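In: After the sequence you'll find the predicted model.
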Amino acid sequence: MKRKMPLAGMMLCLFSAGAAHAADPNLGRNLAATCANCHGTDGNSAGVMPALAGMPKSKLLGTMGEFRSGAKPATIMHQISKGYTDVQLELIADYFASRAPAGGLK
């Protein structure tokens with residue numbers, strides 16, 4: 001019995017974390033806020049960094065996967081991409097895919 005209680009507690013924590021993601025409709029936006037430092041507000045980059053606004057979800061997830069694996073060279077994105085779970089990256093990709101690129105074209 002002593003072994004089952006910690007396991008049950010761990011499982012409860014894991015399932016609760018997933019419910020917390022689903023319960024916060026702004027989580028994708030909040031997670032993506034960090035990207036604004038380099039990629040601009042709402043993913044509309046005014047500099048040399050690629051714009052993320054309007055980027056298809058599959059493209060953003062593929063690029064982040066390449067950074068994670070080391071297949072795509074980077075100065076810092078390989079570290080940043082490893083700091084998010086797959087679920088968090090999905091939320092971030094959904095957020096940017098729903099944003100209109102600068103100029104209103106999508």
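Out: Noted; the coordinates are in hand.
In: Can you give the contact residues for stretch 76-85?
Out: 31, 34, 64-65, 67-68, 70, 72, 89, 92 (Cβ atoms under 8 Å, 6 or more residues apart in numbering). All C-beta spots, glycine's among them, are computed from the backbone N, C-alpha and C.
In: can you list the weak-confidence ranges in this structure?
Out: For the chain, the stretches flagged by pLDDT under 70 are 1-22, 104-106.
In: Can you show me the helices along it?
Out: 4-23, 27-32, 36-39, 57-69, 77-82, 86-98 (DSSP state H).
In: before we move on, back to that, now the buried members of the contacts of stretch 76-85.
Out: The neighbour count (16 or more other Cβ atoms under 10 Å) marks 31, 64, 67-68, 89, 92 as buried among the contacts of stretch 76-85.
In: for these, which one is nearest residue 45?
Out: residue 92 (15.3 Å; Cβ to Cβ).
In: Who are the contact partners of the closest one?
Out: By Cβ under 8 Å, 6+ apart, the contact list for residue 92 reads 28, 31-32, 35, 60, 84.
In: can you redo the residues you listed as JSON lines with distance to residue 48?
Out: Shown next, in JSON lines, are the contacts of residue 92 (distance: Cβ to Cβ, whole Å):
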{"residue": "28", "distance to residue 48": "25"}
{"residue": "31", "distance to residue 48": "23"}
{"residue": "32", "distance to residue 48": "19"}
{"residue": "35", "distance to residue 48": "15"}
{"residue": "60", "distance to residue 48": "18"}
{"residue": "84", "distance to residue 48": "23"}
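In: now, which of these sits nearest residue 97?
Out: Out of the contacts of residue 92, the member with the shortest distance to residue 97 (by Cβ to Cβ) is residue 60, at 7.1 Å.
In: I'd like to know how many residues surround residue 26.
Out: 10 (other Cβ atoms under 10 Å).
In: and the gap between it and residue 97?
Out: With the distance defined as Cβ to Cβ, to the nearest Å, residue 26 ends up 16 Å from residue 97.
In: One more: residue 83?
Out: Distance from residue 83 to residue 97, by Cβ to Cβ: 20 Å.
In: If anything else comes up later, I'll come back, but that's it for now.
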